[in-house]
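Asks: Sequence first, predicted model second:
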Amino acid sequence: MTAQQHYISVVIPALNEEEPITDVVRGCLATGIPSEVIVVDNASTDRTAERAREAGARVVAAARGYGRACAAGVRAVSRECDIIVFLDGDGSDCPELMDRLVSPITNETHDFVIGSRTRGEREPGSMNAQQVLAGYVAGWLIRPIYAVKYTDMCPFRAIRHDALAQLGMKEETYGWNLEMQMRAARAGLRILEVPVNHRCRTGGESKVSGTLRGTFVAGSRILATLLRVATERA
């Protein structure tokens, strides 16, 4: 089946992304793939929500926290939704590559497809050394537990809606992406990692790598998530 024969929802968590969000939403719609684009306003203090609506997105609100925003977006998708695509609202992900993530699912060969920025082409400065290393280290730690090889915790990903609903996601902050990858592996989903390109953000400030505190907090949450999911009972 083609993407046009599926109801595909795009979920974009956004916190103070008024500069890039218009182009991100329009870039998603220009692919002709999504049936709807949902921007989750993660308690922004700027015009993120207004500009997202103007660009053609449906906007929902969520309390601060990356995982809370993703979960709110999932709750907001239409009942007809078959596939959910996640990407960030800062302009760093490349929506024009969305078909790389969606096609393996619409072709029914995979259930969960995650982009790998470390395997794709990265614009200089788009990822710092800590982010690249974190993706490899997380993958190295996960592989002996679940026998799945990851090289990144990229936010640009697609998953069958019904499969995601069965994972029992709990993380409310920065560990959401890693938790999904671990739970998907433990659930035995058909997983594929594909190279995706990555750009420098086109506006706003990184909540993870923009400050030393942000890097430390995100790293701590990701590590805590890895330990929690790895040690909990299936």
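Replies: That came through fine.
Asks: What residues does the residue nearest to the spatial centre of the chain make contact with?
Replies: The residue lying closest to the centre of the chain (C-alpha atoms, centre = their mean) is Pro155, at 2.8 Å. The neighbourhood of Pro155, defined by C-beta atoms under 8 Å, 6 or more residues apart in numbering, consists of Phe86, Leu87, Asp88, Asp93, Asn177. Just so you know, the C-beta spots here come from the backbone N, C-alpha and C atoms, and that holds for glycine as well.
Asks: How about Ile84?
Replies: Ile84 neighbours (C-beta under 8 Å, 6+ apart): Ile8, Ser9, Val10, Val11, Gly73, Val74, Val77, Ala158, Ile159, His161, Leu164.
Asks: Is it correct that it falls within a helix?
Replies: No. Counting by DSSP: H, G, I helix; E, B strand; the rest coil, Ile84 is not found in a helix; it is strand.
Asks: what sits opposite it in the beta ladder?
Replies: Beta bridges link Ile84 to Ser9, Ile159, judged by DSSP bridges.
Asks: now it: how far from Lys149?
Replies: Ile84 sits 23 Å away from Lys149, taking C-beta to C-beta, to the nearest Å as the criterion.
Asks: What's the separation between the nearest residue to Pro155 once chain neighbours are set aside and Asn177?
Replies: Computed as C-beta to C-beta, 6 or more residues apart in numbering, the closest residue to Pro155 that is not its neighbour in sequence is Asp88, at 4.8 Å. Asp88 sits 10 Å away from Asn177, taking C-beta to C-beta as the criterion.
Asks: Counting neighbours, go ahead and name the busier of those two.
Replies: Counted by other C-beta atoms under 10 Å, Asp88 and Asn177 do not tie: Asn177 has more neighbours, with 24 against 20.
Asks: Setting aside sequence neighbours, what's the nearest residue to the more buried one?
Replies: Met153 (4.6 Å).
Asks: Give me the three-state assignment for that neighbour.
Replies: From three-state DSSP, the assignment for Met153 is coil.
Asks: Remind me what the helix or strand hosting Val37 packs against, helices and strands.
Replies: Per DSSP states H and E, Val37 falls inside strand 36-41. Packed against strand 36-41 by the contact rule (3 or more C-beta pairs under 8 Å, 6 or more residues apart in numbering; DSSP states H and E) you find strand 8-14, helix 21-30, helix 48-55, strand 58-61, helix 66-76.
Asks: again, only this time at 6 Å
Replies: strand 8-14, helix 48-55, strand 58-61, helix 66-76 (3 or more C-beta pairs under 6 Å, 6 or more residues apart in numbering; DSSP states H and E).
Asks: most packed of these?
Replies: Across those, averaging neighbours per residue (mean count of other C-beta atoms under 10 Å) puts strand 8-14 on top, at a mean of 27.
Asks: now that one and helix 21-30, what's the angle there?
Replies: Here strand 8-14 runs at an angle of 170 degrees relative to helix 21-30 (axes from the mean of the first three to the mean of the last three C-alpha atoms, to 10 degrees).
Asks: and strand 8-14, how far from the chain's centre?
Replies: 8 Å (C-alpha atoms, centre = their mean, to the nearest Å).
Asks: which non-adjacent residue is nearest Thr109?
Replies: Thr109 sits nearest to Arg190 (C-beta to C-beta, 6+ apart), 6.8 Å away.
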